[in-house]
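K.L.:
Generate coordinates for the sequence data below:
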Amino acid sequence: MIDPSANSRESHSDCTSVDTCEVPQNPRNASTTSEHNVIDCAVTCRSRIPADVAYIEALGRCFYHFSYLEWIVVSITAKLHQDAYASFAKPKTAGYLARKLMEAIAAASPSLTPSLRQRLAQFHRAFVTAKHRRDKLLKAPPYAAKHNLSQMGASHHVWPTAKLDAAVGRFEEIANEGAEILHRILQVQRDSARESNETGTTASPEADGRFFRRAV
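P.N.:
Numbers count the residues shown, from 1 in each chain. Next up is the predicted model:
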């Protein structure tokens, strides 16, 4: 059931002091201006901080894609070293995830093929580079850019939309490579379990190792 008080100003008590709570008569009234593509005054809880809609979307995609990449790292680490997953019970930094991935690669290294070990090492390096890139954006202060619209960056370290889109594309490439590696590891583990079932033996790290050594 719809709360009849949903359109009252009291129902917007969660809005911060920098927001203006305005409930449009018709949700379709929420639109953007053609000149600067800025959220217009009819949008509910409109922010008083001027910003370009496309820029905010690019900024959000950048952080979302990196967060997605982090979970690929967690999944690979947990598959390489089963005990590692327990260490991710609480939120960790990207630097911590990078260290745990390297430790898992080192622990599994004897049972990895050279090609798989090389792919994992390259993936790890790419993730560390992506982390540094994300950190620069995370630490960038907002400033008034063209048309007085807020963007991230300062002096020679500005983050225009094109630069954000480039970071998004790179984060996605690394995540896709990680997903392929993860699927390969899962396939290796499934093959190991199937062989154990066929022979009537119990799966062991040594069995996984044999299949890792066969993996391309």
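K.L.:
what sits up against stretch 121-140?
P.N.:
Applying C-beta atoms under 8 Å, 6 or more residues apart in numbering, the external contacts of stretch 121-140 come out as 62-63, 66, 69, 73, 76, 94-95, 97-98, 101-102, 105, 152-154, 157, 159, 164, 167, 170-171, 174, 177-178, 181. Where you see a C-beta, it was placed from the backbone N, CA and C, and this is true even at glycine.
K.L.:
Kindly supply the PyMOL command isolating those of those residues that are buried.
P.N.:
The buried subset of the contacts of stretch 121-140, as determined by 16 or more other C-beta atoms under 10 Å, is captured in PyMOL by this line:
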select buried, resi 62+63+66+69+73+76+94+97+98+101+102+105+152+153+159+164+167+170+171+174+177+178+181
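K.L.:
Out of the contacts of stretch 121-140, which sit inside strands?
P.N.:
Among these, the members falling in strands (DSSP state E) are Met152.
K.L.:
Got phi/psi on His112?
P.N.:
No His there; residue 112 is Leu. phi -100, psi 150 (degrees, to the nearest 10).
K.L.:
Just the pLDDT for it.
P.N.:
Here the pLDDT value assigned to Leu112 is 83.
K.L.:
same check, this time on Arg48
P.N.:
The model reports Arg48 with a pLDDT of 79.
K.L.:
Look up how far Ser150 lies from it.
P.N.:
11 Å (C-beta to C-beta, to the nearest Å).
K.L.:
the more surrounded of these two?
P.N.:
The residue with more neighbours, out of Arg48 and Ser150, is Ser150; 15 against 9, by other C-beta atoms under 10 Å.
K.L.:
Point out where this structure drops to low pLDDT.
P.N.:
Applying pLDDT under 70 to the chain flags the ranges 1-46, 83-89, 155, 195-216.
K.L.:
Tell me where it has helices.
P.N.:
Here the chain has its helices, by DSSP state H, at 53-80, 94-108, 114-139, 161-199, 205-214.
K.L.:
and Ala145, which of these is closest to it?
P.N.:
The closest of these to Ala145 is helix 53-80. By C-beta to C-beta, the value is 8.5 Å.
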